[in-house]
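Participant: the following comprises the amino acid sequence and a computationally predicted model.
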Amino acid sequence: MKQVIFNVGGALATYTEFRDKKLVVDIGKSKEFSPTNDFLLPLYKKRENLKSNIDKTKYHVDQLIISHPHDDHLSDISEFNDKFYPELLTCPNDNDGMQAGHHINWKLLEKNPNVDILRKMLNGRKPPLKEVIKDFEYIYYIPPRDCEQSNALSVESYCNNISIAVFLIINDHRIFLPGDLQKTGMDEIISRNQSLKTRLAGGVDILIAPHHGLQSSFSTVMFDYMKNKKTRCLNIVSEKVNTNDKRNVDSRYSTSDYCFAKNDIGEKDEPHYQVKTSRGHIFIDYGKNDYPRIEIINDTELLIKKFL
Ligand SMILES: [Zn+2]
Ligand SMILES: [Zn+2]
């Protein structure tokens, strides 16, 4: 299993391959880097027979998950939709087949052409659109109607707190991607889901820090439920850049209180508890070792080679 968390400025985009599955969780881009045009397309062009059976003009991806419809999580969606067809498309949505409580209230979101593209992609898809790649992937969310009706959740941020949180368990490796859940949202999603408590208690190797690692969304509750109350290998922060004081990254992610730092990116006497995507694309090879091999890669060619 191989994974990359892209350096896309303050946005978030990840790509994971395991067995024969190809999974994209969030597809934000930066001015300098488009995950679709600069990575996925050249990678897929080097391979054969990867066209989708459903839309033969496009390349096949098993699943695209958009954690929530904020632009920093879908700004590359137009490029992606031009060239790729995700067999499963998972995001908060208002598909007819879903229970009303799960419908998203688009009026509460800012108007954005990328959201319109996402909604067009949802057209004609079968409900419930919250399916998963079975046996490896578990998703959790607070039904959007509940977020809308809870003052605490909606005032904090309706859009962030409807985030779909993804838990991957592959070859005993455990990765938690909680989108932009804020503090109250994280409390709520954990309290609602016994199975999420159980999975956290089983341990987290790699954490993509909630809401880009911002201080306002640091969740001690999440760590309290986690095995040993800390991550095993690494906390990854996709931090916002050039932001004001309120949007600082929480320094607790880079301490031994919240991570065992079982990784090989630091010098011998200098463990790395946290890494920011601003240092480069973070490539993780889960292999068969006890802990994953992690590299920071800036050269796109080299990154593509890692997946070939
Ligand atoms: Zn975000
Ligand atoms: Zn957000």
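Facilitator: Done, it's in. Ligands and ions are numbered 1, 2, ... in the order given.

Participant: buried residues in stretch 132-150?
Facilitator: 132-133, 136-148, 150 (16 or more other Cβ atoms under 10 Å). Bear in mind the C-beta positions are built from the backbone N, C-alpha and C, glycine included.

Participant: tell me which of these fall in strands.
Facilitator: Secondary structure assignment by DSSP state E places Glu137, Tyr138, Ile139, Tyr140 of these in strands.

Participant: for Leu214, see how far away Asn298 is.
Facilitator: Distance of Asn298 to Leu214, computed by Cβ to Cβ, to the nearest Å: 24 Å.

Participant: looking at those two, which is more packed in?
Facilitator: More crowded of Asn298 and Leu214, by other Cβ atoms under 10 Å: Leu214, with 21 against 10.

Participant: neighbours of Pro271, how many?
Facilitator: Neighbour count for Pro271, taken as other Cβ under 10 Å: 14.

Participant: and Leu41, that one's in a strand?
Facilitator: No - Leu41 sits outside any strand when classified using DSSP: H, G, I helix; E, B strand; the rest coil, being helix.

Participant: run a quick neighbour tally on it.
Facilitator: Residues lying near Leu41 (other Cβ under 10 Å) number 19.

Participant: isn't it up against Asp82?
Facilitator: No - the pair Leu41 / Asp82 is not scored as a contact, 9.5 Å apart, by Cβ atoms under 8 Å.

Participant: what's the closest non-adjacent residue to the closest residue to ligand 2 within the stretch 151-300 of the chain?
Facilitator: Residue of the stretch 151-300 of the chain nearest ligand 2, by Cβ to the ion: Asp180 (3.4 Å). For Asp180, ignoring the flanking residues on the chain, the nearest one in space by Cβ to Cβ, 6 or more residues apart in numbering is Asn160 at 4.0 Å.

Participant: now Thr90
Facilitator: Nearest residue to Thr90, sequence neighbours excluded (Cβ to Cβ, 6+ apart): Ile65, at 4.5 Å.
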